[in-house]
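Asks: Provided below are the primary sequence and the corresponding predicted coordinates.
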Amino acid sequence: MNPETEPVPFTSDDYAARMARVVADALGAGLDGVVVMPGPDLVWLTGYQPTAITERLTMLTLTPGQPPTLLVPILERADAEAAAGAPSVEIVDWTDGTDPYEAASRFVRSHGQFGISDSAWAMHLLGLQERLPETRYRSLSQSLPMMRAVKDADELARLALAGAAADATFYEIVKVQFAGRRETEVAADLARLLREFGHEQVDFTVVGSGPNGANPHHEAGERVIQVGDAVVLDFGGLMHGYGSDTTRTVCVGESTEEQRDVHEIVRNAQQAAFDAVAPGIPCQEIDRVARAVITEAGYGKEFIHRTGHGIGVTTHEPPYMVEGEEQLLRPGMCFSIEPGIYLPGRFGVRIEDIVTVTETGGERFNNSDRMLRLVE
């Protein structure tokens with residue numbers, strides 16, 4: 001990747017601002033503090049990701065009126081101190097053979113209600129509750145659902161780069177041979193291309209050919225792709241720490257009228273949902289718009305999943321474009337729009353872009369061709 005396309009590194013001030021925002025939001029939500037275990041929330045707040053998530057307690061505590069405190073095993077202190085956000089936190093360590101929950105109790109208030117990250121291990125939550133029986137905990141996705149959902153300009157730049165790399169991957173994958181090759185071989189090509197275009201991590205490479213395409217989360221297998229197959233290609237991962245996720249459906253050699261018709265219905269549903277994106281619209285409305293197009297065409301029962309999910313430091317995070325999600329869209333929120341139709345035993349079609357909410361509507365991070373493509 002050219003140097004001019006490298007994103008601006010996050011600084012300790014960036015991480016300090018995130019932590020301060022979370023503390024303020026926690027107060028507004030009636031929380032006495034926030035407890036964050038290893039996972040995407042910890043990475044977003046501090047830049048620190050333990051080399052291995054083990055049974056040893058690692059925990060960030062954000063409490064109004066107290067400095068942010070990161071508790072780590074002593075053998076991992078050096079790694080924590082090297083994190084970009086380390087200057088903004090007080091690092092405390094504990095040693096094997098001692099009680100980490102006793103160490104945590106020194107800076108966690110002895111009573112009150114705390115938000116806790118969804119990635120927390122049950123054994124650690126139970127350990128805190130045993131040591132601090134007057135404390136209660138609520139999932140961060142319920143208590144602070146917008147903690148990571150609204151991206152700043154630097155985060156948006158990373159997501160745009162990841163989306164462009166995924167687009168470049170699609171334009172290269174349609175040049176390879178499909179017919180006569182196994183799904184796993186095409187999946188390997190996808191993974192290779194994602195890395196060539198800058199991804200440091202490949203999370204998934206779905207290649208669902210023919211009847212396998214009717215399974216939305218089909219794992220690429222040993223099926224040999226045949227002429228006439230519709231093939232669902234869903235792929236993504238992390239680039240500069242932020243996610244990509246896109247889906248296109250192609251046909252091998254030739255397409256049937258039914259494949260073309262179903263693909264056009266999905267394309268129209270995806271476009272209608274994108275056109276509906278605007279600040280102040282409930283997330284569920286994006287799902288309703290896409291679903292209405294597919295239902296009107298007679299395939300409502302074959303659209304068997306939500307329309308979208310948020311994306312950021314992970315490829316799946318809140319908010320979700322699904323019935324019942326009344327959270328309002330806000331500028332800076334990023335999510336997928338990915339309607340699909342799945343005909344068991346025959347084929348499936350899905351089209352997916354990552355979009356962000358702007359002040360006036362929506363903007364796509366994926367701009368590769370959404371028309372039905374023929375491949376060899």
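Replies: Perfect, thanks for sending it.
Asks: C-terminal to the longest helix seen in the chain, what's the next element?
Replies: Scanning the chain for the helix with the most residues, using DSSP state H, yields helix 153-173. The C-terminal neighbour of helix 153-173 among helices and strands, as given by DSSP states H and E, is helix 183-196.
Asks: and the longest helix of the chain, how far out from the chain middle?
Replies: 14 Å (CA atoms, centre = their mean, to the nearest Å).
Asks: next: stretch 195-209.
Replies: Averaging C-alpha positions (CA atoms, centre = their mean) puts stretch 195-209 14 Å from its chain's average.
Asks: then stretch 44-52?
Replies: Counting by CA atoms, centre = their mean, stretch 44-52 comes out at 16 Å from the chain centroid.
Asks: residue 309 bridge partners, please.
Replies: residue 320 (DSSP bridges).
Asks: got the contact list for it?
Replies: 316, 317, 320, 321, 335, 336 (CB atoms under 8 Å, 6 or more residues apart in numbering). The C-beta positions use only the backbone N, C-alpha and C, and glycine is treated the same way.
Asks: next one: it relative to residue 55, how far apart?
Replies: 29 Å (CB to CB, to the nearest Å).
Asks: equivalent analysis for residue 173, please.
Replies: Taking CB to CB, one finds residue 173 at 40 Å from residue 55.
Asks: more neighbours: which of those two?
Replies: For residue 173 versus residue 55, the count of surrounding residues by other CB atoms under 10 Å is larger for residue 173: 23 against 9.
Asks: residues contacting the more buried one?
Replies: Applying CB under 8 Å, 6+ apart, the residues near residue 173 are 186, 189, 190, 193, 233.
Asks: rewinding a little: which of the contacts of residue 309 sits closest to residue 113?
Replies: Among these, residue 317 lies closest to residue 113 (CB to CB), at 23.0 Å.
Asks: could you check how many residues crowd around that closest one?
Replies: Neighbours of residue 317 using other CB under 10 Å come to 22.
Asks: and what of residue 362?
Replies: 22.
Asks: which residue lies farthest from the center of the chain?
Replies: Here the chain reaches farthest from its C-alpha mean at residue 97, the gap being 36.8 Å by CA atoms, centre = their mean.
Asks: that one and residue 73, how far apart?
Replies: 11 Å.
Asks: kindly report the same for residue 270.
Replies: 46 Å.
Asks: one more: residue 347?
Replies: Separation of residue 347 from residue 73 (CB to CB): 50 Å.
Asks: who's more crowded, those two?
Replies: Shown here are residue 347 and residue 73; by other CB under 10 Å, residue 347 has more neighbours (27 against 18).
Asks: show me the contacts for the more buried one.
Replies: 210, 211, 213, 214, 229, 230, 259, 262.
Asks: try 10 Å this time
Replies: Counting by CB atoms under 10 Å, 6 or more residues apart in numbering, residue 347 touches 208-214, 228-232, 249, 251, 256, 258-259, 262-263, 341.
Asks: beta partners of it?
Replies: residue 343.
Asks: report the central residue of this structure.
Replies: Per CA atoms, centre = their mean, the C-alpha nearest to the average position across the chain is that of residue 315, at 2.2 Å.
Asks: and the lowest-mean-pLDDT helix or strand in the chain, what does it pack against?
Replies: Least confident helix or strand, the chain: helix 140-143 with a mean of 89, by mean pLDDT, DSSP states H and E. Counting by 3 or more CB pairs under 10 Å, 6 or more residues apart in numbering; DSSP states H and E, the packing neighbours recorded for helix 140-143 are helix 12-28, strand 33-36, strand 111-116, strand 317-321.
Asks: nearest to residue 155, out of those?
Replies: Minimum separation from residue 155 across the helices and strands packed on helix 140-143 (CB to CB) falls at helix 12-28, 9.6 Å.
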